[in-house]
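Colleague: below is the sequence, then the predicted model.
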Amino acid sequence: MRRLVLLALAVLMVLGACTGGGAGDGGTTAGDGGNGPEPVGGGPVEATVELTAPPEEGAGEVPTFGWEPVAGAAAYRLVVLDAEGRAVWVWEGPETSVALGGVPDRPEGAEGPVLTAGSTWTVAALGADGHVVAVSAARPASP
């Protein structure tokens, strides 16, 4: 239960950061009865980001994360959390795939984040105004 609460808090913090802050300034709030983030001044986000890669098990230490494009999205925010629900890597950009650490084909032994057992990840799709237009469910990924 503690892990789920930490995961939910981490995702809400990241979504708030990617939309410009907290309540009153266009950020997101919780309180929609568990139906997903609710933009301030708007209804709940109903679109879903469909995650495609990596697999839940056997992803490797430096996997490439991928998802389907979302209509109306100008950018995406990927968050990778460790087993305790702490954000270990956050990325934002217009692409629909990115290698952990942002470096494709990172040489073995090069510094950067690595995936550990019990990690999870999620993606939020952002409109041109920076507001969340879709969000994925959290998905596990382990090396």
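Modeller: Sure, I can see it.
Colleague: can you report how many residues lie near Gly58?
Modeller: The number of residues packed near Gly58 is 10, by other CB atoms under 10 Å. In short, each C-beta sits where N, CA and C put it, glycine included.
Colleague: apologies, that question was intended for Ser136.
Modeller: Neighbour count for Ser136, taken as other CB under 10 Å: 21.
Colleague: and the closest residue to Val49 other than its chain neighbours, its phi and psi?
Modeller: Leaving aside its chain neighbours, Val49 sits nearest to Ser136 (3.9 Å; criterion: CB to CB, 6 or more residues apart in numbering). Per-residue torsions, Ser136: phi -90, psi 160 (degrees, to the nearest 10).
Colleague: need the pLDDT of Ser136.
Modeller: At Ser136, the model reports a pLDDT of 98.
Colleague: again, but for the one 4 residues further on
Modeller: We note a pLDDT of 98 for Pro140 in this prediction.
Colleague: you'd agree it is up against Ser119?
Modeller: Yes - using CB atoms under 8 Å, Pro140 is in contact with Ser119, at 7.0 Å.
Colleague: who has more neighbours out of those two?
Modeller: For Pro140 versus Ser119, the count of surrounding residues by other CB under 10 Å is larger for Ser119: 23 against 15.
Colleague: so what's that one up against?
Modeller: In this structure, Ser119 makes contact with 80-83, 88, 140-142, judged by CB atoms under 8 Å, 6 or more residues apart in numbering.
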